[in-house]
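Trainee: Build me a model:
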Amino acid sequence: MSAPAIQIENLGKRYRYGGVAALNTSLRADVTDWVKGMFHKNKHPSAVVSPHHESFHEIHERHVAADPTYFWALKDINLDIQQGEVVGIIGRNGAGKSTLLKILSRITPPTTGRVTYRGRIASLLEVGTGFHRELTGRENIFLNGSILGMTRREIARKFDEIVAFAEVEKFMDTPVKFYSSGMYVRLAFAVAAHLQPEILIVDEVLAVGDIGFQKKCIGKMESVAREGRTVLLVSHSMGTVKALCSKAILLDHGTVKASGSPDEVVAEYLKEHEADAAERVIRDEDHRNAVTKMRLKRVRLLHGAQNRFAVYWQQPIAVALEVEVLERIERVTFGAQILTMDGTPVFTVHHDDDVSQPHWTLEPGVYRLEFTLQNPLRPGLYQLEMGADQEHLMMTGFCSVRVATLEVLDHTEHGLTPVAFKTGVINGASAWKQPERLEGGK
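Mentor: All right, here's what the predicted structure looks like:
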């Protein structure tokens with residue numbers, strides 16, 4: 001077997017809550033004693049020094065290990081990604097998926113361990129990653145190709161193909177800071193996939209694009225894999241992982257919980273899901289992309305069951321949101337989507353589906369927003385997504401969040417249960433007429 005395209009050995013990444021903070025008093029005292037000890041040892045060579053005298057690094061590591069403000073986003077990751085594999089990386093929010101991709105993309109250095117690569121890497125981690133906002137689309141294509149080590153002639157040969165795939169011909173000489181997020185994603189993916197990297201790394205930014213574009217991207221990634229190149233994909237869509245990937249990896253609290261066939265790993269992931277708490281605080285990192293205009297801060301299920309994000313069978317789904325608007329925004333549209341646990345959309349609604357509801361203009365500040373979804377869902381677990389945009393244009397900087405796992409219970413508030421032989425995702429409604437006899441029988 002040939003050498004792996006990516007070899008990950010004992011990889012770990014440690015962060016500190018709230019960023020860099022001053023050393024605590026105990027550590028400061030120990031460091032002071034260490035410095036004095038070193039000075040004393042140098043000044044008096046005959047002094048007895050313990051053979052186990054700690055170095056500064058050892059002192060620091062000992063205090064970090066005991067300091068609850070530090071946490072491991074990744075810990076002891078050991079993986080081999082073979083050439084030509086399409087690998088899906090799945091897990092809950094905060095499992096370490098994006099951190100792993102940032103390390104593999106050489107954006108973030110690891111705290112421990114190492115990664116060995118065999119081939120050029122192109123990555124698409126969030127909207128606009130790798131683009132210079134002041135440069136045009138044309139200039140960014142050549143810039144990215146140069147970063148990958150391609151000559152200007154090689155990039156020029158791929159230029160028309162990239163532009164045709166991205167469908168932004170009219171805007172190639174426009175600075176990308178004026179692009180919508182959809183245009184950003186189309187061009188960024190086209191650049192990453194067409195400039196012939198041996199390894200393509202894609203975070204779940206494709207959710208920003210429309211369905212037609214997503215199909216194009218999936219087709220392109222299949223084509224890349226058939227050419228013997230390697231694809232790593234983070235996705236919340238279990239259907240995409242099972243359809244596209246030859247291997248899946250499940251991360252849980254920064255460690256590899258399962259690795260193997262997509263069907264087995266997805267089954268392991270789904271069996272542990274349960275409804276979220278009835279109220280959730282939404283962090284910036286829970287958003288799909290950087291929030292510069294509007295962020296979702298909190299979500300709460302109103303009139304839910306069992307103090308969880310759960311509703312009784314056929315009970316309406318009433319949700320309250322706390323949204324922070326960071327700058328004045330005109331023509332705001334809010335939307336919500338229900339998906340199955342494998343990422344298949346069930347239905348989508350927008351606040352302006354009712355034509356009597358206008359688009360809203362919001363000044364900076366914190367707002368409370370409530371909405372109610374009718375509940376045709378069969379009993380089971382679902383995912384609720386929330387988002388906002390400007391008049392249905394997919395602009396950058398807006399909230400787009402998978403906010404909660406929702407459970408529809410298999411009984412009503414009064415204990416009544418649905419008919420057991422009904423199957424499917426939603427309760428269908430229909431009207432029937434009694435059979436009309438057309439002619440007599442024998």
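
Trainee: rest of the way, CA atoms for contacts and neighbours
Mentor: Will do.

Trainee: where do the strands sit along the stretch 101-250 of the chain?
Mentor: 112-117, 121-124, 199-202, 230-234, 247-252 (DSSP state E, counting those that start in this stretch).

Trainee: Just the buried positions in the first one, please.
Mentor: Think strand 112-117. G113, R114, V115, Y117 (16 or more other CA atoms under 10 Å).

Trainee: pLDDT on it, on average?
Mentor: Across strand 112-117, the average pLDDT comes to 91.

Trainee: contact partners of it?
Mentor: Residues external to strand 112-117 that are found in contact with it (CA atoms under 8 Å, 6 or more residues apart in numbering): A5, I6, Q7, I8, E9, N10, L11, G12, K13, D76, L104.

Trainee: Break the chain into its domains for me.
Mentor: The chain breaks down into these domains under automatic domain parsing: 22-68, 77-271, 279-408.

Trainee: For this protein, just list every one of the helices.
Mentor: Counting by DSSP state H, the chain has helices at residues 25-43, 56-66, 97-104, 137-147, 152-166, 181-194, 211-226, 238-244, 262-271.

Trainee: Could I get the buried residues of strand 112-117 in a markdown table, plus columns for distance to P364?
Mentor: Listed next are the buried residues of strand 112-117 as a markdown table, based on distance: CA to CA, whole Å:
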| residue | distance to P364 |
| --- | --- |
| G113 | 44 |
| R114 | 44 |
| V115 | 44 |
| Y117 | 46 |
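
Trainee: one step back: can you say which of the contacts of strand 112-117 are buried?
Mentor: Among the contacts of strand 112-117, those buried by neighbour count (16+ other CA under 10 Å) are A5, I6, Q7, I8, E9, L11, G12, K13, D76, L104.

Trainee: The fourth one contacts N78, correct?
Mentor: Yes - the pair I8 / N78 is scored as a contact, 5.1 Å apart, by CA atoms under 8 Å.

Trainee: can you put the domains of the chain in JSON lines and add distance to Q434?
Mentor: Below are the domains of the chain laid out as JSON lines (distance: least, CA to CA, whole Å):
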{"stretch": "domain 22-68", "distance to Q434": "70"}
{"stretch": "domain 77-271", "distance to Q434": "40"}
{"stretch": "domain 279-408", "distance to Q434": "25"}
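
Trainee: between these, which gets the lowest average pLDDT?
Mentor: domain 22-68 (a mean of 50).

Trainee: ok, back up a step: could you list which of the contacts of strand 112-117 belong to strands?
Mentor: Of the contacts of strand 112-117, the ones assigned to strands by DSSP state E are I6, Q7, I8, E9, N10, L11, G12, K13, D76.

Trainee: Do I have it right that the second one meets I81?
Mentor: Yes - Q7 is within contact range of I81, at 6.4 Å (criterion: CA under 8 Å).

Trainee: circling back to that earlier point, figure out which of the strands of the stretch 101-250 of the chain is closest to G219.
Mentor: strand 230-234 (12.5 Å; CA to CA).

Trainee: Let me know the pLDDT of L416.
Mentor: L416 carries a pLDDT value of 66.

Trainee: ok, how many other residues are close to R92?
Mentor: Residues lying near R92 (other CA atoms under 10 Å) number 14.

Trainee: What's the local residue count around the spatially closest residue to it that is not a sequence neighbour?
Mentor: Closest residue to R92 apart from its sequence neighbours, by CA to CA, 6 or more residues apart in numbering: D252 at 7.1 Å. Residues lying near D252 (other CA under 10 Å) number 20.
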